[in-house]
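K.L.:
structural data only, the sequence is not supplied:
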């Protein structure tokens, strides 16, 4: 049984966790006027705790978080205006964002969780969030869904697969494209990281840029793409090579890729394309493992929308909607980052992190801290933020919901032999492929 702590221990431990992850030096490069009520450090602490507590309105959550921050750091002067707080968030976020992301991202100190099957794997996916149906939101955000639906915000997330932590994020109106968001994040990919994604992302432009930048990828391809065979002479010992060369890009060189197929539970084969041509460098089994491990990003969106109840935004203008969403993500990201740090130290699997348990534990800690009551240490609570270890007795089944949208799985891609004219043109242009030394 875990030992209980002395009084005010939660206060000391929470301060230590914040200062370990965000020491005073992090924001030292941001110049703040001496009379400013809101500083980047105050904004971070209030914003993060604001979405750890419950509340029916954003203003209610703000005042609860402000009270907690004032209890943690009694020497701080924390302004009381919620409107002023939102303006300060928006004013400082551009300068704070790269510093906050750098502190929250995982790093090589996370040991075996840093890589999957020997690769630094990043997964990407996007999702929409509902916004209030105000006139400003309708005009500024738009709606990409059916008629009579509310305005929406689109979020594209890049996730570090080994730990389940976010790596980067882009936000925009509901009419934005996840491919365009990904294009904007490619410049910040770590060196030689491997990108995996579902069939909605693959394109000639994306594959070309990843090959040019030296990034391996494992991407699913669907029935809306056509692959070419026999564009070059191949020996029987070579892997299953195909060529991605859409007709609109035939002024550019064809892309030489490797095809990996495996059966799915729905009966249709899953077809993956990778630019790692050598099976000794990336085997078919490892490519399949990497793609399957990337499914955790869909669970991450379920954590945000359902468990943390972030599916419905409350702000009534496009600027405040984007501000609210980014701080909701940072709040959950920091909670997960703190928990995973302690779980890795205890040799626990970070991908078993439980959002529901994390929400329950942190809210209880904040309540006990204000009541000056005892409890098990914060370190133990972070280690308890994991899924139950029971073994499911049978396959997971759900009842059929008549109004639920059930997307059909992607069909396998079309495949055809290369035409003689394409073979001649490919000899002139050469083929583009990833060279791994």
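P.N.:
Now that the structure is in, tell me what you want to look at. From a predicted model like this one, the values you see are computed outputs, not experimental measurements.

K.L.:
show me the helices in the stretch 1-150 of the chain, by range?
P.N.:
For the stretch 1-150 of the chain, applying DSSP state H, counting those that start in this stretch gives helices covering 9-21, 40-50, 58-72, 82-104, 135-140.

K.L.:
out of those, which gets nearest to residue 420?
P.N.:
Nearest to residue 420 among the helices of the stretch 1-150 of the chain is helix 82-104; the distance by CB to CB comes to 50.8 Å. Glycine gets a C-beta too; all of them are placed from N, C-alpha and C.

K.L.:
contacting residues around residue 320?
P.N.:
86, 90 (CB atoms under 8 Å, 6 or more residues apart in numbering).

K.L.:
can I assume it sits in a strand?
P.N.:
No: secondary structure of residue 320 (DSSP: H, G, I helix; E, B strand; the rest coil): helix, not part of a strand.

K.L.:
look up how far residue 288 lies from it.
P.N.:
43 Å (CB to CB, to the nearest Å).

K.L.:
and the closest residue to residue 184 other than its chain neighbours, what are its bridge partners?
P.N.:
Spatial nearest neighbour of residue 184, chain neighbours left out: residue 170 (5.7 Å); criterion: CB to CB, 6 or more residues apart in numbering. Beta-bridge pairing for residue 170 (DSSP bridges): residue 156.

K.L.:
surely residue 170 and residue 177 touch.
P.N.:
No: judged on CB atoms under 8 Å, residue 170 makes no contact with residue 177 at a distance of 10.3 Å.

K.L.:
neighbour count: the two, which is higher?
P.N.:
residue 170 (18 against 14; other CB atoms under 10 Å).

K.L.:
how about the more buried one, what does it touch?
P.N.:
155-156, 181-182, 184-185.

K.L.:
same check on residue 79?
P.N.:
Contacts of residue 79 (CB under 8 Å, 6+ apart): 37-38, 85.

K.L.:
pLDDT at it, what is it?
P.N.:
We have a pLDDT of 95 for residue 79.

K.L.:
thinking again about what came up before, only whichever of the contacts of residue 170 are buried, select them in ChimeraX.
P.N.:
To isolate the buried members of the contacts of residue 170 in ChimeraX, using 16 or more other CB atoms under 10 Å:
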select :155,156,181,182,185
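
K.L.:
could you dump the contacts of residue 170 into TSV with pLDDT and distance to residue 232 added?
P.N.:
Output for these, formatted as TSV (pLDDT from 0 to 100; distance: CB to CB, whole Å):
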residue	pLDDT	distance to residue 232
155	95	41
156	96	35
181	96	35
182	96	30
184	95	34
185	96	33
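
K.L.:
nothing else from me, thank you.
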